[in-house]
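Colleague: quick one: sequence and predicted model below, then my questions.
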Amino acid sequence: MEQLSFLPAWPPDATPLAWIAVLLLAAIIAGESVRRSLRASRVIGYLAVGALLGPAAAGLIDSGTTSQLRIFVDIAVGMLLFELGQRVDLSWLRRNPSLLAASILEAALTFMLVYLAMTWFGIRPATAAAAALIALATSPAVVMTVVKDLRAQGQVSERVMLLTALNTAYAVIGLALMVGLLHDGNERSLAALVLHPLYLVAGSLLLAGVLAMVMLNLLRLFGRRPAFQFSATVSLVLLTVAAATMLKLSVPLALLLLGVFGRLFDHERHFVSLRFGETAMLFVVLLFALAGASLEFSGWATALPLALAFVGARLLGKAAPILLLSGASSLALRKSALVSLGLTPMSGLALLMLHELMQRSPSLAAEIGSAMFLAITMLAFAGPLALEFALRRAGEAAEEVR
Amino acid sequence: MSRMDFGASKALTMGIELELQILNPRDCDLTHGAGDLIRILEGSGHPGDIKPEITESMIEISTGIHECYDTALAELRTIRDALVAAAKRLNLLVAGSGAHPFQRWNERQIYDKPRFRQISELYGYLAKQFTIFGQHVHIGCTDGDTAMYLTHAMSRYIPHFIALAASSPYHQGTDTSFDSSRLNSVYAFPLSGRAPVLDRWDAFVAYFEKMRAARVVESMKDFYWDIRPKPEYGTIEVRVFDTPLTVDKAAALAAYVQALARYLLSERPLAIHEDMYLAYTYNRFQACRFGLEGLIIDPSTHEHRPLHEDIAATVGRLSTHAEQLQSTAALRLIAGWAETRANDAAWMREHFRRSESLADLMWQTGQLWSGAA
């Protein structure tokens, strides 16, 4: 037997890479199956695999796996948020101010309606405000993934992306303010209320501005070769994630702003020929699988009314201003309805915000934790379906190439 | 009145149609937007007409009927301004040029209209590759026989039109080496080319009825000829122009056709004969490939000369007609472009050489179209 020591022990020890490979494979197979058999969004398949393998079910994905996958998730989030930021054309808001008005109003009304719905259920004002804040953001990951997956192009796609980028920014800035307000007990100092949010916002702005200039100068120096442009951009995106984390700034905000500034300062239009294509999709699959694993499927019965109220108030808050400003923003009412439907998705970002708030305030977790998890779970699955429906109905999805 | 009765119109009036590109300003690729643009423009009371074309990434503008260059140019500018204003509200870029340099044809979406869906089913990928952009110039004729004479006599000058308007040097991401690659896409269609050599309208109607009886065609629209009579308008329609990069150029080209029509009809310098077409495809190829530097073979004298010289000589011959039509300014522009060999393809190549980006080239093209550059 000594001679056979080159053989592995049986069963062999699984390396972390093996788990990642299996998860990835399961997720993409599920994604394709969902697409082919149900003609529904691939995102649903990725989420479902995560949920099935996650702690709520099979328990194969635990916190250990999650931390091993962290780097992939950071890359995926970085690329998606940067690309979304790139698609925010500030000059469009100037040329069509009704769009800016629609964005501000949909955020304001969503906040108000969700807040009112929560307090009507007897939730404390501070907790209700936190829930309302989470309601603002449409999932940037779902929006970018579905739009790219369908190769959708047109007004509904463009407006959903624009409004998502903006409401994500509002939510992230709001979170910074809210964290100051939420400190349980006696910590409500000036530093927590004013200086911390200020540091987050101004710091993220500054970081994104500086790195955007670095990125553009690199592109200027080394020319327009697509492979170089792509690698340089990805490196800077990763640098932004790393720097924002190390400096305790807001990673999502810094990434969005990197995209926005990258475009705003790009007077020589280097980015005009940049295409991200499918490269980041591998990471995105893992991102959704992990999001699926952190969804909760327990406590439905008691949390359901509150969760439904949250979902309903959010839908109404987003739809009403967009429909109201449909004519003023030069879009047919039918397409505006599709735009507001397209803003339904909630997913990883909402979970992240919820975790952050619950960490700060255990009482919040007790009050609305399970209802919020339930609402996010519902919208994580319903959102991609609603967005795909909207893009197809608008005639903006490319035909499937088989 | 049957649809092949020639509806007479006032001699030498002109109308211009331009097919335009709808671009996304982010990456300057073609994007879907025709329906939304048309919806905004429907209520705005602009002059002329703005219509959908076969894909959601194309839009067609057309002028009313004009007697002279100045009013045609003014109307084109007004329509352009309305279109550009609407495009800004939707964050779209509108541009001229005969083909998009790097679009992926399989991403085009056929505009939702029965005729476009039929064409798409019949021609398959050709219909989507047909995402190319041309200018059509209509010249009014008093009767069908005149239209037939003009259709054939004008064919002598087709290479001029191709070379002056050429603006599609890039296709599917590469320099095709042609000044007008767009026409190569047109010639893939079975019913492209030229009208049969018939000089009387009743003979032409008989030909058309035979083609229809054989069910080769259903209507005149199925002929993709370089020049075709358009009985319902009472015009001939010249269809070989790539869409120029500016409306100013489009108007000057139309004025050139109008002056040529006046010359041909008043002096009748050419006799209609099959031999007119001896060098036709050769000349057309030369113009597509080499632009204003191409050669033209005169079918009657068999003389070879560079196109730019032939254009300069022709413009010289047209001076009294241009005076009568008040289009001397336009013809001066034409002569200048011939002399400096400055067509839009040359402008595009020069720009690409500097920026090394086809996307950036289209951005510049959009700026030029809007009248800002």
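Modeller: Yep, that arrived.

Colleague: what count of nearby residues applies to the residue nearest to B:Ser177 when sequence neighbours are not counted?
Modeller: Distance criterion Cβ to Cβ, 6 or more residues apart in numbering or on different chains; nearest residue to B:Ser177, sequence neighbours excluded, is B:Arg289 at 7.1 Å. All C-beta atoms are positioned from the backbone trio N, CA, C, and that covers glycine. B:Arg289 is flanked by 19 other residues according to other Cβ atoms under 10 Å in any protein chain shown.

Colleague: now swap in A:Ala319 and tell me
Modeller: 20.

Colleague: quick one: what helix or strand has it in it?
Modeller: helix A:300-324 (DSSP states H and E).

Colleague: run through the chain and note the low-pLDDT ranges.
Modeller: The chain I'm using is chain A. Applying pLDDT under 70 to chain A flags the ranges A:1-2, A:182-191, A:272-273, A:275-279, A:299, A:399-402.

Colleague: actually, chain B is the one I wanted.
Modeller: Using pLDDT under 70, chain B drops low at B:1-2, B:105-109, B:111, B:128-129, B:372-373.

Colleague: show me the contacts for the closest residue to chain A within the stretch 151-300 of chain B.
Modeller: Among all residues of the stretch 151-300 of chain B, B:Gly173 sits closest to chain A, at 10.7 Å; criterion: Cβ to the nearest Cβ. By Cβ atoms under 8 Å, 6 or more residues apart in numbering or on different chains, the contact list for B:Gly173 reads B:Pro101, B:Phe102, B:Leu358.

Colleague: and it, what are its phi and psi?
Modeller: Per-residue torsions, B:Gly173: phi 90, psi 0 (degrees, to the nearest 10).

Colleague: so how far is B:Pro101 from it?
Modeller: Distance, B:Gly173 to B:Pro101, by Cβ to Cβ, to the nearest Å: 7 Å.

Colleague: mutual contacts of these two, please.
Modeller: Shared contacts of B:Gly173 and B:Pro101 (Cβ under 8 Å, 6+ apart): B:Leu358.

Colleague: which positions in chain B make contact with chain A?
Modeller: B:24-28, B:31-33, B:35-36, B:39-40, B:56, B:86, B:88-91, B:106-107, B:109, B:112, B:355-360, B:363 (Cβ under 8 Å from any Cβ of the partner chain).

Colleague: repeat that for 6 Å
Modeller: Listed as neighbours of chain A in chain B under the rule Cβ under 6 Å from any Cβ of the partner chain: B:27-28, B:31-32, B:36, B:39-40, B:88-89, B:91, B:107, B:356-357, B:359-360, B:363.

Colleague: and the furthest pair within those?
Modeller: Spatial extent of the residues of chain B next to chain A (Cβ to Cβ) is set by the pair B:Arg39 and B:Glu356 at 37.3 Å.

Colleague: between the two, which is the more surrounded one?
Modeller: Set B:Arg39 next to B:Glu356 and count neighbours by other Cβ under 10 Å: B:Arg39 wins out with 16 against 12.

Colleague: about what we covered before: of the residues of chain B next to chain A, closest to B:Val315?
Modeller: Closest to B:Val315, out of all of the residues of chain B next to chain A and judged by Cβ to Cβ, is B:Trp363, at 33.3 Å.

Colleague: ranking the contacts of B:Gly173 by neighbours, who comes first?
Modeller: Within those, B:Pro101 tops the neighbour count with 24 neighbours, counted by other Cβ under 10 Å.

Colleague: B:His308 touches B:Gly336, doesn't it?
Modeller: No - at 10.9 Å, B:His308 and B:Gly336 do not qualify as touching, with contact defined as Cβ atoms under 6 Å.

Colleague: okay, the two: which has more neighbours?
Modeller: Between B:His308 and B:Gly336, B:His308 has the larger neighbour count (other Cβ under 10 Å), namely 23 against 13.

Colleague: where does the more buried one fall, secondary structure wise?
Modeller: Here B:His308, judged by DSSP H and E, is contained in helix B:307-317.

Colleague: next SSE downstream of that helix?
Modeller: By DSSP H and E, the next helix or strand past helix B:307-317 is helix B:319-325.

Colleague: next, the buried residues of that next one.
Modeller: B:His321, B:Ala322, B:Leu325 (16 or more other Cβ atoms under 10 Å in any protein chain shown).

Colleague: so who does the first one touch?
Modeller: By Cβ atoms under 6 Å, 6 or more residues apart in numbering or on different chains, B:His321 lies in contact with B:Ala259, B:Arg262, B:Tyr263.

Colleague: distance to B:Ser192, neighbour count and secondary structure added to those, as CSV?
Modeller: Output for the contacts of B:His321, formatted as CSV (distance: Cβ to Cβ, whole Å; neighbours: other Cβ atoms under 10 Å in any protein chain shown; DSSP: H, G, I helix; E, B strand; the rest coil):
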residue, distance to B:Ser192, neighbour count, secondary structure
B:Ala259, 27, 28, helix
B:Arg262, 28, 20, helix
B:Tyr263, 27, 19, helix
